[in-house]
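[1] I'd like to go over a predicted model; first the sequence, then the structure.
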Amino acid sequence: MTLGIAMFAAAIASGTSTSVITDNVPVIEQIAERADSTEITETPNKLNSEPLTTQEKVEEYFSDIPILADVAYCESRYRQYDANGNVLRGVVNKADVGVMQINEKYHAATAVKLGYDLYSLEGNMAYARYLYSKQGTKPWVHSSACWNTTREVALR
């Protein structure tokens, strides 16, 4: 700030005009006025912020298709991995994997062709988005009793 004041003082002494300096208003008052009117925005420090939970990632990723966030809750309780760090597998069908419980038998080959890794959270969600664009909620019909009511209960 001292450098700014020196520059303003030099401009005044030399008789040059700057867009910052207004006639008949002391430089110090102008600087204070600008400081008061300047909006300061704070950028969060990513090193100190808490990482997003799987639920938050799912809800953010499917913010434009909230029914898929509900499906993720009903299918896996927002879990991509089990307590041992292995990809979550279905209780009824062990071929169902990840947060969206994508069935390997029916979808693994297509997922690989499209470049989606069903065993990562990002790939599992991306493939679910692709699947939804082709079939709607049909692939998750077996958990529909849960996700059909999830949003209704939240809205009450």
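    Done, it's in.

[2] from the contact counts, what lies against the helix or strand where residue 56 lies?
    Element membership for residue 56, per DSSP states H and E: helix 54-61. On a contact count with 3 or more Cβ pairs under 8 Å, 6 or more residues apart in numbering; DSSP states H and E, helix 54-61 meets helix 66-76, helix 121-135. C-betas here are computed from N, CA, C, even on glycine.

[3] which strands or helices does the last one pack on?
    I take that to be helix 121-135. helix 54-61, helix 66-76, strand 102-103, helix 104-114.

[4] tell me which of the helices and strands packed on helix 54-61 lies nearest to residue 85.
    helix 121-135 (12.7 Å; Cβ to Cβ).

[5] would you mark the buried spots in that closest one?
    121, 123-129, 131-132 (16 or more other Cβ atoms under 10 Å).

[6] circling back to that earlier point, got the helices and strands packed on helix 54-61 as CSV, with distance to residue 82 and mean pLDDT columns?
    Compiled in CSV, the helices and strands packed on helix 54-61 are given as follows (distance: least, Cβ to Cβ, whole Å; pLDDT from 0 to 100):
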stretch, distance to residue 82, mean pLDDT
helix 66-76, 10, 96
helix 121-135, 13, 97
